[in-house]
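Enquirer: coords please:
(2 chains)
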Amino acid sequence: MSNNLKFAKSHEWVSVDESGLATVGITDYAQSALGDVVFVDLPKIGATASAGAEVAVVESVKAASDIYSPVSGEIVEVNTALQAAPDLINSSPLDSGWLYRIKLTNAAELDGLLDEKAYAAVCE
Amino acid sequence: MSKRTVLYQKHLDAGGKIVDFAGWEMPINYGSQLAEHKQVREHAGVFDVSHMTIVDIHGTDALAYLRKLVTNDVAKLDVPGRALYTGMLNETGGVVDDLIVYRMQDHYRVVVNCATREKDLAWLAAIAGSFAVTLAERPELAILAVHGPEAIERVCTLLPAEWQPVVGALGNFRCVELGDWFIARTGYTGEKGLEVMLPASQAPAFWDQLLATGVLPIGLGARDTLRLEAGMNLYGHDMDESISPLAANMEQTISWMPEERDFVGRAAVTLHKQQQLAGTLPILIGLVLESRGVLREGQKVITDKGDGIITSGTFSPTLNCSIAMARVPVGTTDCHVELRGGNTAVRMVKPNFVRFGKKVFE
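Expert: Prediction:
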């Protein structure tokens, strides 16, 4: 797990690797609030995501929850393991429960996101 | 100030996530309601349902009173040790609550819902009127429900030797008083199991013993998915005071015969029967969503006979798809539900989905 995680107030996390490829998921706080996840609707590969716009839906026993992309770009990969095992989001939200990978079109957006400490304060 | 059962600390110790339930602080799950649901279907789980309301009814008119109060005929409990499920109606034939009536050695016991406690106690007292009965609420008793294929066996290993054969042999809806414990084969999961009503002071130790035998604690979230799979109603959702039992899949709880038994709401519900035959009273059906998504309470159901509504909906872990109960017009043959992305077809079934772990519809 990388330590350059950034967070959105809406409880998504984004992690960027050296090549500029970003991975997005939801936080432990979010999965705990949602409860057991039963379905995940992921974006299509090739689709364009915009920062702050709805990009996916996570449906739990409790409710369906919209996921907002913290960053803009092109979706290049989605976590297909979530079809058969949506519970990965509950058991491993920051790791094997990742949602999609995205090629950033505006890296400056990361500066507008929260670091770990600021996000923890949001969750208080 | 919120209420807590005597097992509140035990829920915290077991990792319970506490939520408000009708003014009580209760565990919604202990980590995963899906895992807890599976535990009950495959092994054994224990629910703390001590927040429910127990009322004992004593007196020479107890039977006559109950035959007036509830739709099912309590005279059917011909000997002590029998129980039945029933509704009680208001004068317009709406459901005041659903409950179980137990016939004990010298008196009767009713267990009504937690959320309706104040209303029900006032109602029970009002109908008691001039009957020679005494009503005694039993808040000092706790209730532990242990259900699943291994439940009865596990509970029996914890009981005094001389109790084990009688408890092990209890048939469905049978019950027995043993010392100051009362054990019944009733429940809300569609699995075999026991509801144990015991002095609250003894509940924590019994809870610990159950957990030590491998029975796992089960929260209210799993309780809801279990009961819905089993086709059991939830008061305040599948029916309420504005709904006839005939529109809530409760006709089998009405003993129409003998005709001379005048229970509260009889005249009204007799009229409802005519209305249902004429097609002007709705029915409660089951729905199964075979594609992705979750049916939820309050969603509109579009039918070939007019609109209906989902009264309870959830994801069924046993069937791995969403199920629901819905109130729709009589004669409906086709249902769609408005889900994200459009109108989705749903299958109509009887409102009963899983029994003893197995799917019951084709």
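Enquirer: For the residue nearest the centre of chain A, what is the enclosing helix or strand?
Expert: Taking Cα atoms, centre = their mean, the centroid of chain A lies closest to A:G25, which sits 2.3 Å from it. Element membership for A:G25 (DSSP states H and E) is strand A:21-26.
Enquirer: Name the residues of that strand that are buried.
Expert: Residues of strand A:21-26 classed as buried under the neighbour-count rule (16 or more other Cβ atoms under 10 Å in any protein chain shown) are A:22-26. The way it works is simple: take the backbone N, C-alpha and C, and place the C-beta from them, glycine included.
Enquirer: Same question for stretch B:23-33.
Expert: By neighbour count on 16+ other Cβ under 10 Å, the buried set for stretch B:23-33 is B:24-33.
Enquirer: near chain A at all, that stretch?
Expert: Yes: against chain A, stretch B:23-33 shows contacts by Cβ under 8 Å from any Cβ of the partner chain at B:29, B:32-33.
Enquirer: nearest to B:L295, of those residues?
Expert: Among the residues of stretch B:23-33 next to chain A, B:Q33 lies closest to B:L295 (Cβ to Cβ), at 16.9 Å.
Enquirer: That closest one: what's it in contact with?
Expert: Counting by Cβ atoms under 8 Å, 6 or more residues apart in numbering or on different chains, B:Q33 touches A:35-36, A:61, B:219, B:221-222, B:225.
Enquirer: could you measure it against B:V19, distance?
Expert: In this view, B:Q33 and B:V19 are 12 Å apart by Cβ to Cβ, to the nearest Å.
Enquirer: tell me the SS of the closest residue to A:D28 other than its chain neighbours?
Expert: Residue nearest to A:D28 in three dimensions, not counting chain neighbours: A:P93, with 5.1 Å by Cβ to Cβ, 6 or more residues apart in numbering or on different chains. Three-state call for A:P93 (DSSP: H, G, I helix; E, B strand; the rest coil): coil.
Enquirer: how many neighbours does A:P93 have?
Expert: Neighbour count for A:P93, taken as other Cβ atoms under 10 Å in any protein chain shown: 23.
Enquirer: That one and A:A33 touch, don't they?
Expert: No: using Cβ atoms under 8 Å, A:P93 is not in contact with A:A33; the gap is 11.2 Å.
Enquirer: Now list whatever residues contact both of the two.
Expert: Shared contacts of A:P93 and A:A33 (Cβ under 8 Å, 6+ apart): none.
Enquirer: Which pLDDT value belongs to the most far-flung residue of chain A relative to its centre?
Expert: What lies farthest from the middle of chain A is A:E124; by Cα atoms, centre = their mean that is 20.2 Å. pLDDT, A:E124: 87.
Enquirer: quick one on the thing from earlier: just the buried residues of stretch B:23-33: which are in helices?
Expert: B:Q33 (DSSP state H).
Enquirer: Among the buried residues of stretch B:23-33, which pair sits farthest apart?
Expert: Spatially, the most separated pair among the buried residues of stretch B:23-33 is B:W24 and B:S32, at 22.0 Å (Cβ to Cβ).
Enquirer: Chain A: helices as residue ranges?
Expert: For chain A, the helices defined by DSSP H occupy A:28-34, A:81-84, A:88-91, A:116-122.
Enquirer: Go through the last one and flag the buried ones.
Expert: Right, the one you point to is helix A:116-122. Residues A:Y119 are the ones in helix A:116-122 that count as buried (16+ other Cβ under 10 Å).
Enquirer: which secondary structure elements does that helix contact?
Expert: Applying 3 or more Cβ pairs under 8 Å, 6 or more residues apart in numbering or on different chains; DSSP states H and E, we find helix A:116-122 packed against strand A:6-7.
Enquirer: And the second one, by the same measure?
Expert: Secondary structure elements in contact with helix A:81-84, counted by 3+ Cβ pairs under 8 Å, 6+ apart, are helix A:88-91.
Enquirer: Any chance of a markdown table for the buried residues of stretch B:23-33, columns distance to B:H147 and pLDDT?
Expert: Compiled in a markdown table, the buried residues of stretch B:23-33 are given as follows (distance: Cβ to Cβ, whole Å; pLDDT from 0 to 100):
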| residue | distance to B:H147 | pLDDT |
| --- | --- | --- |
| B:W24 | 20 | 97 |
| B:E25 | 23 | 98 |
| B:M26 | 17 | 98 |
| B:P27 | 16 | 98 |
| B:I28 | 18 | 97 |
| B:N29 | 16 | 97 |
| B:Y30 | 16 | 97 |
| B:G31 | 19 | 94 |
| B:S32 | 18 | 95 |
| B:Q33 | 15 | 97 |
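Enquirer: What about the buried residues of stretch B:23-33, which are in strands?
Expert: Secondary structure from DSSP state E places B:24-29 of the buried residues of stretch B:23-33 in strands.
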